[in-house]
Structure formats: structure tokens, C-alpha cells
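Engineer: Structural data only, the sequence is not supplied:
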């Protein structure tokens, strides 16, 4: 059986430390990408809300036009 020396343990720990450093960097990158996705999703959500408001206004205007033209019965 091989003797476990401090030098051998030190080398293994250096390798682990290097790997953990790489993982930390990759996690940092993923967090940045996730934040960018969240920002983009927030913008899309606001855009969709704006579109719904515009469609609602157009729907109201269309109803008034149809009522004036006699295409719809007025609401009682």
C-alpha cells in the first residue's frame, strides 16, 4: 500500500482547489446569464401588458363605432 504523505495530500488539495475555482467562475457566468434572462422576461411582460392595453382601447373604440353605425344594439 502506498504511503500517504503530506506532499501527496497537498497535490490532491491543489487539484481540488483548482477545480472549485473553475466551478465558481462558471457559476458566476451562469448567474449573470440568468439575470439577463430575468431582465429580458420582465421587458417582455411589460410589452405584453402594453399590447393588452392597446387592444382593449381598440376594442372599446370598435364597439363605439359599431354602435354608431347601428351594427350593435346599445347597452341598456
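Structural biologist: Looks like it arrived, so ask away. All values derive from a computational prediction rather than experimental measurement.

Engineer: any idea how far residue 5 is from the residue most central in space within the chain?
Structural biologist: Within the chain, the residue whose C-alpha comes closest to the C-alpha centroid is residue 38; the distance, by CA atoms, centre = their mean, is 2.8 Å. To residue 5, residue 38 is 49 Å away according to CB to CB, to the nearest Å. The way it works is simple: take the backbone N, C-alpha and C, and place the C-beta from them, glycine included.

Engineer: and if you look at residue 60?
Structural biologist: Spatial separation of residue 60 from residue 5 under the definition CB to CB is 82 Å.

Engineer: again with residue 49
Structural biologist: When CB to CB is applied, the distance between residue 49 and residue 5 equals 65 Å.

Engineer: shouldn't residue 72 be in contact with residue 65?
Structural biologist: No - here residue 72 does not reach residue 65: they are 9.3 Å apart, not a contact under CB atoms under 8 Å.
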